[in-house]
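Participant: Show me the folded form of this:
(chains A and B)
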Amino acid sequence: QLQLQESGPGLVKPSQSLTLTCSVSGGSISSGGKSWTWIRQPRGKGLEWIGYIYKGGRAFYNPSLKSRVSMSVDGSKNQFSLEMTSVTDADTAVYYCATNAVSGTDVWIALWGQGLMVTVSS
Amino acid sequence: QSVLTQPPSVSGAPGQRVTISCTGSTSNFGAGFDVHWYQQLPGAAPKLLIYGNNNRPSGVPDRFSGSKSGTSASLAITGLQAEDEADYYCQSYDNDLSGVIFGGGTKLTVL
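Facilitator: Residues are numbered from 1 along each chain as shown, chains lettered A, B, ... in the order given. Sure, this is the predicted structure:
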């Protein structure tokens, strides 16, 4: 049974960079055609897609965040990561890592991690 | 403001049927992209409820069903139960934005 677990700092200062890691267990991050996603949710608000990355490193980002975001995959550790630069309080949210399912050009989120609360504050 | 539009809230009594609408546009549903639905129980991560317009993952009761027509989609829940009280989100892909999009979410209250 595939499981995902987010890790990283719970508190980040404004203008600093945020790096989150998602550890995958119960399966290989390099198997099949899976892609790996980050999504966030400000408290009391809706879901926002940040981006997703394939095992080979090809990544697709939300255009509104593209200039500040990068993702990477580490097959040796069975992990994938999110880096977000120049954070502001608008980046305060619960961050979810997840795995996608793909059929043709359709993408949906098959399995979610439990989420990690990240607060941006001085 | 979300690209997919959902009503902020719906409600129904136990045993009743409720529907949640999700309105898109020609760059997502109208372009042929499917709708997918997620259920988020209070304090929990979202969970896949419906994929590919009307398919249920293993373990999802058949009380939940989905449909899509043109630029609109809907989620129907029959035989409403107290445990169905949650937030529901629709999701698709958008050509103009070149990415995954979500609806703003609908809070279902079981009266």
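
Participant: From residue A:114, how far out is residue A:120?
Facilitator: 21 Å (Cβ to Cβ, to the nearest Å). Yep, even glycine has a C-beta here, placed from its N, CA and C like the rest.

Participant: A helix includes residue B:101, no?
Facilitator: No - under DSSP: H, G, I helix; E, B strand; the rest coil, residue B:101 falls outside any helix and is assigned strand.

Participant: Would you enumerate the residues in contact with it?
Facilitator: A:49, B:2-4, B:28, B:91-94 (Cβ atoms under 8 Å, 6 or more residues apart in numbering or on different chains).

Participant: now do 6 Å
Facilitator: Residue B:101 makes contacts with B:3-4, B:92, B:94, as judged by Cβ atoms under 6 Å, 6 or more residues apart in numbering or on different chains.

Participant: Quick check: closest non-adjacent residue to residue B:23.
Facilitator: In this structure, residue B:23 finds its nearest non-sequential neighbour in residue B:5, 4.4 Å apart by Cβ to Cβ, 6 or more residues apart in numbering or on different chains.

Participant: Against chain A, how distant is that neighbour?
Facilitator: 12 Å (Cβ to the nearest Cβ, to the nearest Å).

Participant: hmm, back to that, give me the more crowded residue out of residue A:120 and residue A:114.
Facilitator: residue A:120 (19 against 13; other Cβ atoms under 10 Å in any protein chain shown).

Participant: ok, that one to chain B distance?
Facilitator: Residue A:120 is 21 Å from chain B, by Cβ to the nearest Cβ.

Participant: Quick check: that residue touching residue A:90?
Facilitator: No - at 7.9 Å, residue A:120 does not count as touching residue A:90 under the criterion of Cβ atoms under 6 Å.

Participant: and the closest residue to residue A:65 other than its chain neighbours, how many neighbours?
Facilitator: Nearest residue to residue A:65 in three dimensions, chain neighbours excluded: residue A:50, at 5.9 Å (Cβ to Cβ, 6+ apart). As a burial measure, residue A:50 scores 25 neighbours (other Cβ under 10 Å).

Participant: Phi, psi for residue A:50 please.
Facilitator: Main-chain torsions, residue A:50, degrees, to the nearest 10: phi -100, psi -40.

Participant: Show me the contacts of residue B:101 that map onto strands.
Facilitator: B:92, B:94 (DSSP state E).

Participant: And for stretch A:8-15, what's in contact with it?
Facilitator: So stretch A:8-15 is in contact with A:18, A:20, A:86-88, A:119-120, A:122, going by Cβ under 6 Å, 6+ apart.

Participant: before we move on, what about stretch B:57-64?
Facilitator: B:48-49, B:77-79.

Participant: Which parts of chain A are strands?
Facilitator: Under DSSP E, chain A gives strands at A:3-7, A:11-12, A:18-25, A:35-41, A:48-54, A:59-61, A:69-74, A:79-84, A:93-103, A:106-112, A:116-120.
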